[in-house]
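Q: structure, please.
(chains A and B)
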Amino acid sequence: MSATQATADDVLIARIAQGDRLAMQVLYGRHHVRVFRFGLRLVRNEQLAEDLISEVFLDVWRQAGKFEGRSAVSTWILAITRFKALSAMRRRKDAELDDETAAAIEDTSDDPEVTVQKKDTGEALRKCLTALSPEHREIVDLVYYHEKSVEEVAAIVGIPENTVKTRLFYARKKLAELLKAAGIERGWP
Amino acid sequence: MMATSRKIPEDEPGEIEALLPWYAAGTLDAREARRVEAALADDPGLVRQYAAIQDEYAETIHLNESLGAPSSDAMQKLFAAIDAEPARAYSNSPRLSTRISGFFASLSPRTLAWSASLGALALLLQAGVIGTVLMQQQETSFETASYQPAPKTMTRSLAPGNDVVLFVRFKPDARVSDITALLGSYHASVVGGSGDMFRLQFAGKASADAAAVLSDLQKEKIVAMAVPAQ
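A: Predicted coordinates:
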């Protein structure tokens, strides 16, 4: 995210704190897709992820006056999303959020072994990325897709910066193991 | 393996090794990015790992982008919920820092550049005034019994005296170089003002010349308004 947009987000939050609905629409338009995708990767249920969006942005509407600008607005919003997603996952722990449901939602393509037969390493990598644990998925997404720094990930997940680094390292090792099991060697580790 | 990527202890990432994903995403600060670059230049093992990370980075983006977008129902649901919220007691005076950042965000880059240049000009003039005052004080700070003051030389004072003084507003698109040139050609100095209205003193022009100076100024392309100060 550019510095200009970060500044503009701060201004939008200040206007939202004053009850400005137009500013809310702009902020929503700017961030809702990323919130949806981050939430979906955690809860693995499209309807639940859509419900999360309104919950997250309603919190933004209510809490805008308390936002102190100590982190970027996008970091703050992702932290709210994570909290809401974990709460939703806890609520639905007994029901659909088992691996079978996740597979039904996301795994419409071949399994990694078949993919390798097709010589499509990229697709196998994506398959293995979805097979990571929620803890590992979120850190991979935050760093690679949401482009968050070590400090920002630490703020979102609520862990020390060193733990952020080691957790991503272990997520990558797990990914390499999954790929190896699928017959793909990448020269690391 | 080089020292930069050595594992301490076993199975823990090295300091630089742990930073590779952020280096790939471009989210390291300049200092750390330079450290990673230097390590990559020396360590083939690190280069192989970095190549794997670049694949992970690209496929994570691909995967997330393939997730699509939410329906418009989500937005409708949100604003219905906002409408149902109890009315807030809004503050009419947002935080000062917010007002300042909002004000600067609303200015165009050209306006900002123009304002900054005028600010610099005002600082320069202020420095001149302070310098003049100090010089004058220095002249009278120490005198011996035999001291004979030298005849006063003619200098241009920045304080309003008998010179013509006018209020002038420049056009918003006036460049600082144009304003400086105008001040020079009229032997004028900025001696005050408020907002975008400047109080200019015209050296060597007596009150009798005020009407002529005013008339000339009003014809200048960069002057939006000129009026007598007294």
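
Q: what are the boundaries of the helices in the chain?
A: Unless you meant another one, I'm taking chain A. Ranges of helices in chain A, per DSSP state H, are A:3-17, A:21-43, A:46-63, A:73-91, A:99-106, A:112-117, A:121-131, A:134-140, A:150-157, A:161-181.

Q: that answer is for a different chain, and I need it for chain B
A: B:15-25, B:30-42, B:44-65, B:73-83, B:96-106, B:109-141, B:176-185, B:210-218.

Q: before we move on, the earlier item: including mean neighbour count, distance to chain B and mean pLDDT, could the helices of chain A go into a markdown table?
A: Quick note: C-beta positions are derived from backbone N, CA and C, even for glycine. Below are the helices of chain A laid out as a markdown table (neighbours: other Cβ atoms under 10 Å in any protein chain shown; distance: least, Cβ to the nearest Cβ, whole Å; pLDDT from 0 to 100):
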| stretch | mean neighbour count | distance to chain B | mean pLDDT |
| --- | --- | --- | --- |
| helix A:3-17 | 18 | 4 | 82 |
| helix A:21-43 | 20 | 4 | 95 |
| helix A:46-63 | 21 | 4 | 95 |
| helix A:73-91 | 20 | 12 | 94 |
| helix A:99-106 | 14 | 9 | 47 |
| helix A:112-117 | 16 | 12 | 49 |
| helix A:121-131 | 21 | 4 | 92 |
| helix A:134-140 | 21 | 6 | 95 |
| helix A:150-157 | 21 | 6 | 96 |
| helix A:161-181 | 18 | 4 | 95 |
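
Q: any idea which of those helices gets closest to B:S207?
A: helix A:3-17 (49.5 Å; Cβ to Cβ).

Q: using PDB, list the CA coordinates for stretch A:47-58.
A: The C-alpha trace of stretch A:47-58 is given here as PDB (Å, rounded to 0.1, in the frame of the first residue of the first chain):
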ATOM      1  CA  GLN A  47     -21.200 -17.300   3.400                       C
ATOM      2  CA  LEU A  48     -19.400 -17.100   6.700                       C
ATOM      3  CA  ALA A  49     -16.700 -14.900   5.100                       C
ATOM      4  CA  GLU A  50     -19.400 -12.600   3.600                       C
ATOM      5  CA  ASP A  51     -21.000 -12.300   7.000                       C
ATOM      6  CA  LEU A  52     -17.600 -11.400   8.500                       C
ATOM      7  CA  ILE A  53     -17.300  -8.400   6.200                       C
ATOM      8  CA  SER A  54     -20.300  -6.600   7.600                       C
ATOM      9  CA  GLU A  55     -19.300  -7.500  11.100                       C
ATOM     10  CA  VAL A  56     -15.700  -6.200  10.500                       C
ATOM     11  CA  PHE A  57     -16.800  -2.900   8.900                       C
ATOM     12  CA  LEU A  58     -19.500  -2.400  11.500                       C
END
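
Q: quick check: closest non-adjacent residue to B:E220.
A: B:L182 (6.2 Å; Cβ to Cβ, 6 or more residues apart in numbering or on different chains).

Q: correct me, but that neighbour touches B:F198?
A: No - using Cβ atoms under 8 Å as the test, B:L182 is too far from B:F198 to be in contact (10.9 Å).

Q: more crowded one of those two?
A: Neighbour tally, B:L182 and B:F198, criterion other Cβ atoms under 10 Å in any protein chain shown: the higher count belongs to B:F198, 22 against 19.

Q: was I right to think that one contacts B:F167?
A: Yes - using Cβ under 8 Å, B:F198 is in contact with B:F167, at 7.1 Å.

Q: tell me which residue lies nearest the centroid of chain A.
A: Closest residue to the average C-alpha location of chain A: A:F38 at 2.9 Å, with Cα atoms, centre = their mean.

Q: excluding chain neighbours, what is closest to that one?
A: In space, A:F38 is closest to A:T81, 5.4 Å off (Cβ to Cβ, 6+ apart).

Q: what does B:L28 give?
A: Using Cβ to Cβ, 6+ apart, the nearest residue to B:L28 is B:W22, at 4.9 Å.

Q: and for the one you found, the neighbour number?
A: If we define neighbours as other Cβ under 10 Å, then B:W22 has 25 of them.

Q: OK, contacts around it?
A: With contacts defined as Cβ atoms under 8 Å, 6 or more residues apart in numbering or on different chains, the neighbours of B:W22 are A:143, A:149-150, B:28, B:32.

Q: could you check how far B:K205 is from chain A?
A: Here the criterion is Cβ to the nearest Cβ, to the nearest Å. By it, B:K205 lies 46 Å from chain A.

Q: what about that residue, neighbour count?
A: A count of nearby residues for B:K205, using other Cβ under 10 Å, gives 19.

Q: and what of A:R70?
A: If you count neighbours by other Cβ under 10 Å, A:R70 ends up with 8.

Q: tell me the phi and psi of it?
A: Backbone torsions of A:R70, given as degrees, to the nearest 10, read phi -80, psi -20.

Q: any idea how far it lies from A:R34?
A: A:R70 sits 20 Å away from A:R34, taking Cβ to Cβ, to the nearest Å as the criterion.
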